[in-house]
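Participant: Generate a structure from the sequence data that follows.
(one chain, ligands or ions: 3)
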Amino acid sequence: MPSPTRRIGVLLVNLGTPDSPQTSDVRRYLNEFLTDGRVIDMPAAVRYPLFQGIVVPLRAPKSAKIYQLLWDAERGSPLLYHGLDLQKQVQEKLGTEYVVAFGMRYQNPSIEKALNELRDAAVDRIIVLPLFPQYAAASTGSVQEKVMDIVKTWWIVPSISFISTFTDDAGFIGAFAARGKAELARHKYDHVLFSYHGIPERHVLKGSQKGYCKLGSCCNSYNKNNRYCYRAQCFETSRLLAKELGLNADQYTVAFQSRLQSRLRDPWLQPYADEALKEFPAKGYKNVLAFSPAFVADCLETTVEVGMEFKEMFEQAGGAHWQLVPSLNSEPEWVEAVVEMIRKN
Ligand SMILES: C=CC1=C(C)c2cc3[nH]c(cc4nc(cc5[nH]c(cc1n2)c(C)c5CCC(=O)O)C(CCC(=O)O)=C4C)c(C)c3C=C
Ligand SMILES: [Fe+2]
Ligand SMILES: [Fe+2]
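Facilitator: Numbers count the residues shown, from 1 in each chain. Ligands and ions are numbered 1, 2, ... in the order given. Reported below is the predicted structural model:
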């Protein structure tokens, strides 16, 4: 008798996005996102009333206005349509031995729906690839927790593996560098900014193994002690990109964006990108190329924050030319890099 065909399930996951840029949908999205204990690490008894009762109702209408700038009239949220494009192309490249599904940690399509598709396809094992290059408990860790919460309710639990970080993956670095090189060929730049999504410093310290990470020079090399330190990973991605682009250490700056301002005024990873870029023109950096290598698809944080808001701040501070390197989206080199990561797993 022929042996039954064995198929491998692949689950690609990104963060999530509202169903529409209307305030009610943005509110629903933020309510789910900002009550996740891995994102807002406060006791649930404080987190729910504070965020669902005060922070989200105040933030949702403002966020909705920004989402309206981002939204594509036909295709909707870039994070979603680039994710679906990526899923389709990775499936085509991997062939019928694999079943590729796509889900979002918050809102739709849900991780549960995507996992059910894999279960219905009777896959033998599942490879989960959270689409965050650098591991953070608030992003990759949250996806891992959600997947385990769902799968633990299944009667038959398949083998599962997680690709937890691809900070230094050659395919990822090569694909981002290629996008940067295309911009560098178009214009003369004085400086490069690598801007990463920030997280509270506390999150880094909580993940520090045996007290190794102290937010100092400990993060200057990437090694077995700090493999999951978000700050060390951001520095490593930057070093590797700089090497590919032929940049010296004084030709680029690493900084952190998107901090959620709170009355608690807890420190987030520094330097803050918005403060750093305002000083660029006075340093003679009038033409700046900005990368956002914490995101593999364009989204609110790249297109609006770096591409529009930072550009305006930079020009007001006396800068001449600001350019965002588009994200990897579903570029062929990135599709190839994802396929390689899956095959290697
Ligand atoms: C790169 C990975 C991400 C980490 C780490 C992360 C941490 C983190 N984020 C917030 C708060 C917000 N983030 C928001 C948007 C957003 N965040 C990521 C990724 C990471 N977040 C993405 C891809 C996006 C964009 C989604 C899109 O639809 O385009 C937002 C919502 C937007 C807004 O209202 O400003 C918030 C809020 C915290 C608090 C945090 C770590 C503690
Ligand atoms: Fe975020
Ligand atoms: Fe560190």
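Participant: can you list the weak-confidence ranges in this protein?
Facilitator: By pLDDT under 70, the weakly predicted segments of the chain are 1-4, 262-264.
Participant: Now for Val335: which residues touch it?
Facilitator: Counting by C-beta atoms under 8 Å, 6 or more residues apart in numbering, Val335 touches Leu86, Gln89, Val90, Lys93. Every residue, glycine included, has its C-beta placed from N, CA and C.
Participant: go again using 10 Å as the cut-off
Facilitator: Shown in contact with Val335 (C-beta atoms under 10 Å, 6 or more residues apart in numbering): Asp85, Leu86, Lys88, Gln89, Val90, Glu92, Lys93, Gly171, Ala175, Leu328, Asn329.
Participant: can you check Asp85 too?
Facilitator: Going by C-beta under 10 Å, 6+ apart, Asp85 touches Arg75, Phe102, Ala297, Asn329, Ser330, Glu331, Val335.
Participant: Next to ligand 1, which bits of this protein? Give me the list.
Facilitator: Residues of the chain found near ligand 1 (C-beta under 6 Å from any ligand atom) are 15, 17, 39, 59, 63, 77, 79, 132, 136, 138-139, 197, 199-200, 258, 260, 294-295, 299-301.
Participant: Separate out the buried members of these.
Facilitator: Buried members of the residues of the chain next to ligand 1, counted by 16 or more other C-beta atoms under 10 Å: 15, 17, 39, 59, 63, 77, 79, 132, 136, 138-139, 197, 199-200, 258, 294-295, 299-301.
Participant: Which of those residues fall within helices?
Facilitator: Secondary structure from DSSP state H places Arg59, Ser63, Leu79 of these in helices.
Participant: Of all pairs in the contacts of Val335, which one is the farthest apart?
Facilitator: Greatest spatial distance in those: Lys88 and Gly171, 18.6 Å, computed using C-beta to C-beta.
Participant: what about the two, which has more around it?
Facilitator: Set side by side, Lys88 and Gly171 show more neighbours around Gly171, with 18 against 14, by other C-beta atoms under 10 Å.
Participant: So the more buried one is in contact with Val339, correct?
Facilitator: Yes: using C-beta atoms under 10 Å, Gly171 is in contact with Val339, at 8.6 Å.
Participant: still on that earlier bit, list, out of the buried ones among the residues of the chain next to ligand 1, those positioned next to ligand 3.
Facilitator: Among those, none lies close to ligand 3 by the criterion of C-beta under 5 Å from the ion.
Participant: got the contact list for Arg202?
Facilitator: Asp41, Asp266, Pro267, Trp268.
Participant: Would you check that the third one makes contact with Gln261?
Facilitator: This means Pro267. No: the criterion here is C-beta under 10 Å, and Pro267 misses it with Gln261 at 11.8 Å.
Participant: more crowded one of these two?
Facilitator: Pro267 (12 against 7).
Participant: What are the phi and psi values at the more buried one?
Facilitator: Main-chain dihedrals, Pro267, degrees, to the nearest 10: phi -70, psi 140.
Participant: Could you check which residue of the stretch 151-300 of the chain lies nearest ligand 1?
Facilitator: Residue nearest to ligand 1 within the stretch 151-300 of the chain (C-beta to the nearest ligand atom): Cys299, separated by 3.1 Å.
Participant: Now do the helices in the stretch 101-250 of the chain.
Facilitator: Shown for the stretch 101-250 of the chain, the helices assigned by DSSP state H, counting those that start in this stretch span residues 111-120, 140-151, 170-186, 201-206, 230-245.
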